[in-house]
Structures are given as C-alpha cells and as structure tokens.
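Asker: kindly generate the corresponding structure for this input.
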Amino acid sequence: MHLGMPVVALATTEVPDAVPPEAGVVSTRLDVIRDAVRRLVDDPEQARVMGKAARAAAVARYGLRRFLDDWDAALAEVAR
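Answerer: Residues are numbered from 1 along each chain as shown. Next up, the predicted model:
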C-alpha cells in the first residue's frame, strides 16, 4: 500500500480491516481475486486511482507521523 499499488488480497487476518474498499479488492474467493487482477491489468486508470487510495490509507494508518504521535502520547501518559 505504501508503494501506491492497488491491493488484491485474501481476506485473512487483519487484511479486511487494513484495506479500505477504495484501495483494492479483498475476498476469500479466488475467482473474485482473479477477476480483480484482470480488471486492474485491463484498466490502468482504475489501478492508479485505487493505488492512490491505498497509499493514502497506508500513510494515515501506518505512517511514521502517526507512529511518532502515538509513541509521544504513550510516553506522556507514562510520565504523568
């Protein structure tokens, strides 16, 4: 997601929560996964749009700024 690529993934572990719908396709069905890859290969513009959404979601949720803010908040709480 940080690379700005659309996501096509099996719906296991944290994936359904980590990947917003606009960032890609998440499913337990292999036919859905296969069809999603074909659609993205055939439609580079859709892939670009989904990739941008994936990157935005990754930066917001897993980016360095969010990590540092969470870390500072944890340290401040412990120091109180």
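
Asker: contacts for the lowest-mean-pLDDT helix or strand in the chain, please.
Answerer: The helix or strand with the lowest mean pLDDT-type score in the chain, counting by mean pLDDT, DSSP states H and E, is helix 64-79 (a mean of 93). With contacts defined as C-beta atoms under 8 Å, 6 or more residues apart in numbering, helix 64-79 is touched by 59-60. For glycine as for every other residue, the C-beta is placed from the backbone atoms N, C-alpha and C.

Asker: show me what contacts the residue nearest to the spatial centre of the chain?
Answerer: In the chain, the C-alpha closest to the average C-alpha coordinate belongs to residue 19, at a distance of 3.9 Å (C-alpha atoms, centre = their mean). By C-beta under 8 Å, 6+ apart, the contact list for residue 19 reads 1, 7, 9, 26, 54, 57.

Asker: now, these that are in helices?
Answerer: By the criterion of DSSP state H, membership of the contacts of residue 19 in helices covers 54, 57.
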